[in-house]
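K.L.:
Below is the structure, and that's it, no one-letter string:
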């Protein structure tokens, strides 16, 4: 195993259209980030660990891209976000474990794109997954076939704080096979002209201390058939507390409460 540790800067930097293929690596205890991709850098990573770095575990910036594949990549114990996407960056994260970082599990902003497949994002002091400023997030299972999720391929977003998934400021979040649970706060937040799409019966939002879904400021939730499940949360299952009207379109499987304060078109 290659070990990249105790550098004052990032453990690994890829810049200006360069690329790196990282397998069987331990990247730890570095000073800025574990891995820094910038200005079109590209990363392929498997069977590696990024841990205990100051700042983000993986930073992907300025049109750079990251592909994380099996065997699993573990990103844990970094002081910033587990993964930070910014300024048109993209990441395809498959079969990964992202836990116990000091910021969000994954943050995507300013037009960045994220796909999360069969991964775990848990135990963060902030959101599990956040999308801001026109970002796009797809949280997806493996289909067998669509809309049925293959056994063992469903994402887990659990035990985070504030929001399990936070989609805001013109961003889009598509949930296609994920359990969002155990959040100290809302399961999913949709705010300020954001769009949420709930797809497949394997999308379950349950056991969060706040609302299942909280929507505000002209946001929209579109629920496809078969319906997703939003039930067993500590607050209202779906609530639109204020600001410009927000809309829910489609059929959410609700058990304990009606949709509260939203314009609802089943």
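P.N.:
Perfect, I can see it now. Please read these numbers as outputs of a predicted model, since none were measured by experiment.
K.L.:
ok, residue 125 touching residue 161?
P.N.:
Yes. Between residue 125 and residue 161 there is a contact at 5.2 Å, judged by CB atoms under 8 Å. Bear in mind the C-beta positions are built from the backbone N, C-alpha and C, glycine included.
K.L.:
looking at the protein, which helix or strand is least sure?
P.N.:
strand 253-254 (a mean of 58; mean pLDDT, DSSP states H and E).
K.L.:
following it, which helix or strand shows up next?
P.N.:
The helix or strand immediately downstream of strand 253-254 is strand 263-265, counting by DSSP states H and E.
K.L.:
and that following strand, what does it pack onto?
P.N.:
Under the contact criterion of 3 or more CB pairs under 8 Å, 6 or more residues apart in numbering; DSSP states H and E, strand 263-265 touches strand 247-250.
K.L.:
which residues touch the strand it packs on?
P.N.:
198, 215, 219-225, 227, 238, 240, 259, 262-266 (CB atoms under 8 Å, 6 or more residues apart in numbering).
K.L.:
So how do I select the buried members of the residues you listed in ChimeraX?
P.N.:
Selection command for ChimeraX covering only the buried members of these, criterion 16 or more other CB atoms under 10 Å:
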select :198,215,219,220,221,223,224,227,238,240,259,262,264
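K.L.:
ok, what's across the strand from the most centrally placed residue in the chain?
P.N.:
Nearest to the mean C-alpha position of the chain, by CA atoms, centre = their mean, lies residue 129 at 3.0 Å. Judged by DSSP bridges, the bridge partners of residue 129 are residue 106, residue 165.
K.L.:
State the pLDDT value of it.
P.N.:
Note on residue 129: pLDDT of 99.
K.L.:
Next: residue 214.
P.N.:
96.
K.L.:
what's the neighbour count on it?
P.N.:
25 (other CB atoms under 10 Å).
K.L.:
distance between the helix or strand where it lies and the chain's centre?
P.N.:
Element membership for residue 214, per DSSP H and E: strand 213-216. The chain centre lies 17 Å from the centre of strand 213-216; the measure is CA atoms, centre = their mean, to the nearest Å.
K.L.:
Quick check: neighbours of it in the sheet, parallel or antiparallel?
P.N.:
strand 184-191 (parallel), strand 238-239 (parallel).
K.L.:
For the spatially closest residue to residue 95 that is not a sequence neighbour, grab the count of nearby residues.
P.N.:
Closest residue to residue 95 apart from its sequence neighbours, by CB to CB, 6 or more residues apart in numbering: residue 70 at 4.3 Å. By other CB under 10 Å, 12 other residues sit near residue 70.
K.L.:
Show the pLDDT at residue 70.
P.N.:
96.
K.L.:
correct me, but it touches residue 93?
P.N.:
No. The pair residue 70 / residue 93 is not scored as a contact, 11.1 Å apart, by CB under 8 Å.
K.L.:
Can you pull the poorly scored residue ranges out of the stretch 101-250 of the chain?
P.N.:
Filtered on pLDDT under 70, the stretch 101-250 of the chain yields no residues whatsoever.
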